[in-house]
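Undergrad: give me a 3D structure for the following:
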Amino acid sequence: MRYLISSILLMFSFSLSAAEPLQNQKAMQALVETVMKDVGKGNLKDGMERLKPYVLFPVTEMNAQVSQVERQMPLVLQRYGKPVGFDLIKVEEAGNSLIQYAYLQKFEKHALVWRFIFYQSNGQWMLNHWSFDDKVKMLFWY
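TA: Here you go, the predicted structure:
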């Protein structure tokens, strides 16, 4: 009986934390737009929390990545100034199973390019990769 109650509670906690599956591009783009709004306001951790239900890799790995980015942000702000917004740059598809969203996070003096790559399996899209860098010139190279 004790094991049954524990199992039920465990199942209940998983169902509470489960997010709606990403079933189409509209849902993916809405998610990433919300993340970029958070990031643009300086709420990196909140934005990344929104992605966690959709990652294909261990959440502990994502936590480590977020911690590393949080350590880098003061330098970014010092170098580039305050965030002033973001733009969707492009959406690229590779076959039927990969989609990349590229965003420009704008600062007073420069910009960062954010990339979110989703992989489709079993009718659901999952986050396969996310990254950012300051190599804006790469947007113009093929």
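
Undergrad: hey, let's count contacts and neighbours off CA atoms from now on
TA: Fine.

Undergrad: spatially central residue in the protein, please.
TA: When Cα atoms, centre = their mean is applied to the chain, the residue found nearest the centroid is Leu51 (4.9 Å).

Undergrad: from the contact counts, what lies against the helix or strand hosting that one?
TA: Assigned by DSSP states H and E, Leu51 belongs to helix 44-51. If you count contacts as 3 or more Cα pairs under 8 Å, 6 or more residues apart in numbering; DSSP states H and E, helix 44-51 packs onto helix 25-40, helix 59-80.

Undergrad: how about those helices, which one is nearest Asn122?
TA: Closest approach to Asn122 among the helices and strands packed on helix 44-51 (Cα to Cα): helix 25-40, 15.0 Å.

Undergrad: what are the buried residues along the closest one?
TA: Under the neighbour-count criterion of 16 or more other Cα atoms under 10 Å, helix 25-40 has 28-29, 32-33, 35-40 buried.

Undergrad: likewise stretch 95-113?
TA: Using 16+ other Cα under 10 Å as the test for burial, stretch 95-113 gives 98-107, 110-113.

Undergrad: can you redo those as CSV with distance to Tyr119 and secondary structure?
TA: Shown next, in CSV, are those (distance: Cα to Cα, whole Å; DSSP: H, G, I helix; E, B strand; the rest coil):
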residue, distance to Tyr119, secondary structure
Leu98, 5, strand
Ile99, 7, strand
Gln100, 9, strand
Tyr101, 12, strand
Ala102, 15, strand
Tyr103, 18, strand
Leu104, 21, strand
Gln105, 23, strand
Lys106, 27, strand
Phe107, 30, strand
His110, 30, coil
Ala111, 26, strand
Leu112, 23, strand
Val113, 20, strand
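
Undergrad: where does this protein have low pLDDT?
TA: 1-19, 142 (pLDDT under 70).
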